[in-house]
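1. fold the following and give me the result.
(4 chains)
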Amino acid sequence: MTTDSKLGKLGDIKNIIKDGDTVAIGGSWLGSHPMAIIREIIRSDIKNLTAITVVGSIDIDMLIGAGRLSKLMFSFVSMEAFGLAPNFRRAIEKEGLPYDEITGLAVIIGLEAGGRNVPFLPYRGPFGSDLVKYRPEFYKEIKCPFTGEDLIAAAAIVPDVAIIHATRADKTGSVQIEGTSGSDVEMIRAAKKRIVSVEEIVSTEDILKNREKTKIPGFQVDMVIEAPLGAHPCSCAPDYVFDPWHIMKYMQGASSPETFKQYIDEYVMKPEFEYLEAIGGIRQASVLKRLAREVKFL
Amino acid sequence: MTTDSKLGKLGDIKNIIKDGDTVAIGGSWLGSHPMAIIREIIRSDIKNLTAITVVGSIDIDMLIGAGRLSKLMFSFVSMEAFGLAPNFRRAIEKEGLPYDEITGLAVIIGLEAGGRNVPFLPYRGPFGSDLVKYRPEFYKEIKCPFTGEDLIAAAAIVPDVAIIHATRADKTGSVQIEGTSGSDVEMIRAAKKRIVSVEEIVSTEDILKNREKTKIPGFQVDMVIEAPLGAHPCSCAPDYVFDPWHIMKYMQGASSPETFKQYIDEYVMKPEFEYLEAIGGIRQASVLKRLAREVKFL
Amino acid sequence: MTQYAQDYSVAELMCVTLAREIEDGDVIVLGSFTPLAYASYILAKITHAPNSTLLAYAAVDFRPFQLSFVRAESSAIRGAALMWTMLEDLNSVHLKGRGDVEAISSIQADQYGNINLSAIGDYEKPKLRGPGGAGAPEVIKMHRKMIGYFPNHSKMTFVPKVDVITGTRYLIGAEERIKAGYRPGPIRYITNLTVISKEEKDRPFKIESLHPGVTADNVVDNTGFELEIPKDIPETEKPTAKQVRLLREEVDPYGTMAFDFKPGKERLGYLNEILQKELEAIGYA
Amino acid sequence: MTQYAQDYSVAELMCVTLAREIEDGDVIVLGSFTPLAYASYILAKITHAPNSTLLAYAAVDFRPFQLSFVRAESSAIRGAALMWTMLEDLNSVHLKGRGDVEAISSIQADQYGNINLSAIGDYEKPKLRGPGGAGAPEVIKMHRKMIGYFPNHSKMTFVPKVDVITGTRYLIGAEERIKAGYRPGPIRYITNLTVISKEEKDRPFKIESLHPGVTADNVVDNTGFELEIPKDIPETEKPTAKQVRLLREEVDPYGTMAFDFKPGKERLGYLNEILQKELEAIGYA
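-> Numbering: from 1, shown residues only, chains lettered A, B, ... in the order given. Sure thing, here's the model as predicted:
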């Protein structure tokens, strides 16, 4: 009994992600964004994407800065303690990037609806929010047919592609997530195609040993790619923390379009393993992993 | 930092389950029904219950036979390969037990709606089913406010109490399920009060060692009860299989109201540890556990 | 050249016919423990459909295992790649129409694609109260194919109109299925006599194949509704020698599959025989 | 008798005030990494609220941990009793109104219980594009209390009407909250000057307490909307000596909490100091 392999390389993503696609990007805050795939999108000539994020950060900011987005759907984009996201701000304040700002639960519930094949799901939603008023294509008031209560219907969201970064997978596409899953599973369920980068490809036997860690079955995955440190400079908890030193460099780079181009040239426009050397190689990886292990409970 | 204990004994369930309550009963098919709690309900004087099951078997049949139900909500009740459920059939065919037969997905989605505090959830439901026609209080046709598509709204279900059987828990109520979770988690989320019996109470340290197995957090649990073999004669997979020898005895007992009374007297109306001796004690437990371990992959 | 088996039971023929419904890559949902269907899916997985995904109990994408009467649940869980609650199943497979096959059985089935697992006679005061449909009323619409299997093809089962419509395919033709967000696929019933199928709302069930030794008249005589009878009806493809060997030696050495085909009064005795063998296998007999 | 601290920072006062919002048994949701709020919840958990449940990232019911700038996520996960996706969080906590506290901050807040995390100026062509609200627009309605904290109490923040209503408490009075399926609770803002709160739709925010050394006039002068000023306003309860010791020695020895209170231009330097200490602690400096 031999099964097909879903293993791919970073360079293969262009077989799945096409110009103009709507791409849901996993990860949340400064954690677990599929940064190796993001960098590969910028290296390749994939363009005019619509990105969907729930709580985005450098993933969205970098794609915007590199000019790969023609539209953005988001509930939150921020560099957290490092400040507001510079390219994101510039694009909206000065360059007129089209965007749909949707409340966080409406994005998650919209993805859930997309995944479960229903055009909307109701909830006791954000009545009174201007976002409901500004983006009526994502929100409708609806009455409960049993109780008459007014509810908000969140529209289904069906991305063309979902990209996420996870802890490990086997070649059949069983994916384990040990850290912050965020809305990754919901994105995978909703999307038409799915690419998962992982810290390590393991045997199916290793997957079975800890089946409770498996969050996505193979039949929901189109391609798995081994990309060690693939979330850098974000975290892939509890394996490694985000890299505050590199993020400070990023923030300097992103401070103007000119310096951002330098950042992209210096760090992104080279093979992924050269990127990993450029950000400090094995020593830096060791620092980030050690920090993730050295936790103290009270 | 000391935390409160949620540990209880079987005899304490009457502090939570009250006459007339609606009780969602976990487990599915011949697996993981909270049989020790079911037996305790019969031992005690709790009555006039409305039971909710998705895929019930001996749990429902026994409560009906012991006269503890005034109403039943179900999508399926069967003794599987052992035949139809005798008390369930008798009660409906001859004794006029009131019941709401609801399609399986409508029960699960109804519990989901109850758990997430929304009076209904829509889906591409069972148009054309007579059950929709017979029980309109659980189904309404509704139009999608975005697309105009006709959908079925499943009404929220909010049980007074959920009772489930699980693998292990700690005293704070973190519950691990290694086997068939069925709709147990949805029942726990929907119910106002929750009782969980487990094979073993363990330390919080043991819970943290395999946190991926934890399916229910302490704040969703009101009482945990150690009840080894607490699903017997059902399975608690992958720890032990259902007991076909005892179920055959049960089926003989349930063949008439008179013989069923004898079954109840012989097996149920005694302390739970005496029940476990009556069904074969440690030897029988070893057989059932060994069978659950001796699996062969092809 | 394919070597067909010389000697096989009706149960084995039905099991193999169901196994042939499985295409490589299919997502297959197992509900109640029905040995014949379990054997079919496992046989398919170890032969022509290694990339199919099996779901049973809470187990998702489990390794194929040897059947026994009591161990299916533990086997599925111990070989699973992951575990889901029923709601996670729904959100990933059922509601999305991502399931391909989940074979059902029914007390009655009619010419419209309706099934009745609820009641014979009046719904509220039935002569026979059935078990109910569990998820069947919904999934027979959602899954790509609606596959039923019936060990006892008779006019008691195949009625013009079911007493109670527990569930129905509802969306039958390819066009209306696609429009409603589901994949097209047939209704197909595998019985102890024949394979019949329906793919259009306004056309009757058609005899697709006849089991060896069965005539179209045999089928018509035992069916309570009109059938389309093509001019040349092929014989149902026999099990191969390899399939029968795998079923008997690997998939179902305890013979659980035959259980559903025993007359009611012989079942208890047969079950005890199987259980005795299971005890012997673990040294507890 | 309670021994109050003699020496504490405004950050510590705010942190302790927020910690006092936590009641034993509360369910507390941590969103973005905001050191002051994290310190508050952890302080509450190790002192007066051991039965509270903390949720952060995917971690549910995690053990209290020592804060650092980079390790909150790994610490929460490594100490969690279980792990949830965001949807599981929603289904168990948010939508159900089971959350008690999830402190938020905002670029602007007004007298109606509205917050603005979206934009200053015109929405579609803003002068400043904010980060967006994540789940805040919804959870400030759903959770029992709506708690905000503001390190810089000013008319820039507390405006008569926010430029954009990213979200709003919507249900303010106890009666309308209960009717809509949510638990009653106040809107309460903890600032560097005071604690103000609102519990009725048609009544203004009220000054609940003034931090030591602050007058009602100071608060009014820095607030862009009408406030109710009770006759006798208590002083905000000071941190106890124990609370301050725990914060400095156990909960936040790296001083991450002070980060939000540094002027913009000092932040990078302060961050580098903290990171240097973190490297030293693991022997990589």
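
2. could you report the pLDDT at residue 48?
-> Unless you meant another one, I'm taking chain A. Here, the pLDDT recorded for residue A:48 equals 98.

3. the chain in question should be chain C.
-> 97.

4. ok, now the one 3 residues further on?
-> As predicted, residue C:51 sits at a pLDDT of 97.

5. dump the residue contacts of residue A:245.
-> Residue A:245 sits next to A:280, A:284, D:275 when contact means C-beta atoms under 8 Å, 6 or more residues apart in numbering or on different chains. (Glycine included, C-beta is placed from N, CA and C.)

6. next one: phi and psi at it?
-> phi -70, psi -40 (degrees, to the nearest 10).

7. then the one 5 residues further on?
-> For residue A:250, the backbone dihedrals (degrees, to the nearest 10) come out as phi -60, psi -40.

8. now pLDDT and neighbour count too, for the contacts of residue A:245, in CSV please.
-> Putting the contacts of residue A:245 into CSV (pLDDT from 0 to 100; neighbours: other C-beta atoms under 10 Å in any protein chain shown) gives the following:
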residue, pLDDT, neighbour count
A:280, 97, 16
A:284, 97, 21
D:275, 96, 19
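
9. helix, strand, or coil at residue C:280?
-> Following DSSP: H, G, I helix; E, B strand; the rest coil, the label given to residue C:280 is helix.

10. burial count for it?
-> 10 (other C-beta atoms under 10 Å in any protein chain shown).

11. partners of whichever residue of chain C sits closest to chain A in the sheet?
-> Closest residue of chain C to chain A, C-beta to the nearest C-beta: residue C:82 (3.5 Å). Beta-bridge partners for residue C:82, by DSSP bridges, are residue C:60.

12. wait, it touches residue A:211, no?
-> Yes - judged on C-beta atoms under 8 Å, residue C:82 makes contact with residue A:211 at a distance of 5.4 Å.

13. neighbours of residue 119, how many?
-> Picked chain A for this. If you count neighbours by other C-beta under 10 Å, residue A:119 ends up with 20.

14. oops, wrong one, chain C.
-> Counted with other C-beta under 10 Å, residue C:119 comes out at 25.

15. the stretch 51-200 of chain C: helices as residue ranges?
-> C:72-78, C:86-89, C:136-142, C:174-179 (DSSP state H, counting those that start in this stretch).

16. how about those in JSON lines, adding mean neighbour count and distance to residue C:167?
-> Output for these, formatted as JSON lines (neighbours: other C-beta atoms under 10 Å in any protein chain shown; distance: least, C-beta to C-beta, whole Å):
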{"stretch": "helix C:72-78", "mean neighbour count": "27", "distance to residue C:167": "24"}
{"stretch": "helix C:86-89", "mean neighbour count": "22", "distance to residue C:167": "17"}
{"stretch": "helix C:136-142", "mean neighbour count": "28", "distance to residue C:167": "3"}
{"stretch": "helix C:174-179", "mean neighbour count": "14", "distance to residue C:167": "16"}
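
17. ok, now how distant is whichever residue of chain A sits closest to chain C from residue B:123?
-> For chain A, the residue closest to chain C is residue A:214, as judged by C-beta to the nearest C-beta, at 3.5 Å. Taking C-beta to C-beta, to the nearest Å as the measure, residue A:214 falls 26 Å from residue B:123.

18. next: residue C:211.
-> From residue C:211 to residue B:123 the distance is 38 Å (C-beta to C-beta).

19. I'd like to know how far the residue nearest to the spatial centre of chain C sits from residue C:245.
-> Nearest residue to the geometric centre of chain C (C-alpha atoms, centre = their mean): residue C:103, 3.4 Å. Note on residue C:103: its distance to residue C:245, by C-beta to C-beta, is 23 Å.
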